[in-house]
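>>> sequence unavailable; structure follows:
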Ligand SMILES: O=C(O)CCC(=O)C(=O)O
Ligand SMILES: [Fe+2]
């Protein structure tokens, strides 16, 4: 047993029992089979400490048990979020682009080009995605985390020993056992190609959960294709250039839930990173927490309920030869309210090689599968992975 687990066991003995039960529940419940009652496992024995020396699996149960942040969630001082000045003229709001079909396409394209050059991220409105659908996915997502009992939620736990598996978890970005943990739980859905889409693995409740995620996934794919077309033409490429280079589109939808945190000054909801793929389309609830880097400063992306945030990923930086940079972002925590976001990631197949569209190449070409493996083994740490490809 390491020192950390000893301290943990002294300060949080109830939680140790509970985290062990979570692991056990995961093994016995399968949402597609008849539900088994977890009751028979509860308090059946006190687990030996050796077996529970790993970190807790989920964040949400900690917040219900403790007023202190466990040591594994404490960020080193250089990574902590210092409060941004409320009004800072060098920190303007992220660009807002009106995609209304009545607008002149050249104008929209120019605005997108400027936003991609200056920020690597921008809000879109009048994007064509029904606002009711955006509200519905936020609603079914928060119902999963807040209305479904933990004993049922845990039936959907992802495989904690593999990376990027579908389901309910907390450790997507964690590269090693001694990495600082994110103050976030999530549900990850595999949605495209359709052969990966298995709604029976998604939450059964509320009753419209699966239908809403499917519809939302279809809408996000259409919007992603539209935006990739505009990115391509804004660089003088044919409108299908990036989509063709991407090949078969892989889409994951991650609903992130950031519980309120007793010591937000010590933690991060999600560490600083850029997304691996081409573009991410993100919506948030009305609780601020997402921050992006602009001119070496962290800027908060204020929630706009009907807007969708477009975040450029590393493959877009590679294919545009660095004309458009991927956006470094993170999520901070707060002491008062949980926060929810829904991210739709659009990536190539792992067998696709991505290379710059312009000469001379400033980045090495990369097999996307290799890029993903390096991201998961080294961890994101801002832009470390893409910088390794610079020529
Ligand atoms: O929750 C957010 O606002 C950010 C989520 C995110 O960056 C991610 O999942 O990659
Ligand atoms: Fe991200």
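That came through, no problem. Everything numeric in this text was worked out from a predicted model, so none of it was measured. Ligands and ions are numbered 1, 2, ... in the order given.
>>> would you mind confirming that residue 264 is in contact with residue 331?
No: counting by C-beta atoms under 8 Å, residue 264 does not reach residue 331; the two are 11.1 Å apart. To be clear about C-beta, it is placed using only N, CA and C from the backbone, and glycine gets the same treatment.
>>> neighbour count: those two, which is higher?
residue 331 (23 against 20; other C-beta atoms under 10 Å).
>>> bridging residues for that one?
residue 270, residue 290 (DSSP bridges).
>>> for it, give me its contacts.
With contact taken as C-beta atoms under 8 Å, 6 or more residues apart in numbering, residue 331 is in contact with 182, 184, 256, 258, 268-270, 289-291, 339, 341.
>>> what of residue 335?
Counting by C-beta under 8 Å, 6+ apart, residue 335 makes contact with 260-264.
>>> most neighbours among these, which one is it?
Within the contacts of residue 335, most neighbours by other C-beta under 10 Å means residue 261, with 23 neighbours.
>>> low pLDDT regions in the stretch 101-250 of the chain?
Along the stretch 101-250 of the chain, segments meeting pLDDT under 70 span 172-177.
>>> does stretch 244-256 reach ligand 1?
Yes: for a cut-off given as C-beta under 6 Å from any ligand atom, stretch 244-256 has contacts with ligand 1, namely 254, 256.
>>> that stretch: which residues count as buried?
Across stretch 244-256, burial judged by 16 or more other C-beta atoms under 10 Å covers 245-246, 249-256.
>>> could you measure from the residue lying closest to residue 292 once chain neighbours are set aside over to residue 238?
Spatial nearest neighbour of residue 292, excluding adjacent residues (C-beta to C-beta, 6 or more residues apart in numbering): residue 329 at 4.6 Å. From residue 329 over to residue 238 the distance is 30 Å, taken as C-beta to C-beta, to the nearest Å.
>>> look at these two and report which has more neighbours.
Using other C-beta under 10 Å as the criterion, residue 329 and residue 238 rank with residue 329 on top: 24 against 11.
>>> so how far is residue 388 from the more buried one?
Distance from residue 329 to residue 388, by C-beta to C-beta: 19 Å.
>>> where exactly do the strands run in this structure?
96-98, 121-125, 167-169, 185-192, 250-258, 270-273, 279-284, 290-294, 297-300, 308-312, 329-331, 339-347, 353-354, 366-367 (DSSP state E).
>>> so what are the sheet partners of the first one and their directions?
Right, strand 96-98. Assessed with DSSP bridges, strand 96-98 is paired to strand 121-125 (parallel).
>>> around ligand 1, which positions in this structure sit nearby?
254, 256, 270, 275, 282, 284, 290, 329, 331, 341, 343.
>>> thinking again about what came up before, got CSV for the strands of the chain, with distance to residue 198 too?
Shown next, in CSV, are the strands of the chain (distance: least, C-beta to C-beta, whole Å):
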stretch, distance to residue 198
strand 96-98, 34
strand 121-125, 30
strand 167-169, 11
strand 185-192, 7
strand 250-258, 13
strand 270-273, 26
strand 279-284, 22
strand 290-294, 29
strand 297-300, 36
strand 308-312, 25
strand 329-331, 28
strand 339-347, 17
strand 353-354, 27
strand 366-367, 26
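>>> ok, longest helix in the chain?
As assigned by DSSP state H, the longest helix anywhere in the chain is helix 209-234.
>>> thinking again about what came up before, quick check on the contacts of residue 331: which are buried?
By 16+ other C-beta under 10 Å, the contacts of residue 331 give 182, 184, 256, 258, 268-270, 289-291, 339, 341 as buried.
>>> can you tell me which of those residues comes closest to residue 325?
Closest approach to residue 325 among the buried ones among the contacts of residue 331 (C-beta to C-beta): residue 291, at 16.3 Å.
>>> who's in contact with the closest one?
Per C-beta under 8 Å, 6+ apart, neighbours of residue 291: 81, 84, 298-301, 329-332.
>>> whichever of those end up buried, select them in PyMOL.
The following PyMOL line selects those of the contacts of residue 291 that are buried, judged by 16+ other C-beta under 10 Å:
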select buried, resi 81+298+299+300+301+329+330+331+332
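>>> lowest-confidence one in the contacts of residue 291?
Sorting these by pLDDT puts residue 84 at the bottom of the list (57).
>>> quick check: pLDDT value at residue 302.
95.
>>> surely it touches residue 93?
Yes: under the criterion of C-beta under 8 Å, residue 302 makes contact with residue 93 at 6.7 Å.
>>> kindly indicate which of the buried residues of stretch 244-256 lies nearest residue 199.
Out of these, the member with the shortest distance to residue 199 (by C-beta to C-beta) is residue 253, at 11.6 Å.
>>> per-residue confidence at the closest one?
98.
>>> so how far is residue 100 from it?
Separation of residue 253 from residue 100 (C-beta to C-beta): 25 Å.
>>> before we move on, what about residue 257?
32 Å.
>>> higher neighbour count, these two?
More neighbours surround residue 257 than the other of residue 257 and residue 100, with 24 against 11 (other C-beta under 10 Å).
>>> measure the residue lying closest to that one once chain neighbours are set aside to residue 197 for me?
Spatially, and ignoring its direct neighbours in sequence, residue 257 is nearest to residue 145 (4.2 Å; C-beta to C-beta, 6+ apart). Per C-beta to C-beta, residue 145 is found 22 Å from residue 197.
>>> got it, and residue 211?
12 Å.
>>> repeat that for residue 168.
Residue 168 is 17 Å from residue 197, where distance means C-beta to C-beta.
>>> and these two? Which one has more around it.
residue 168 (24 against 18).
>>> which residues does the more buried one bridge with?
Going by DSSP bridges, residue 168 forms beta bridges with residue 157, residue 187.
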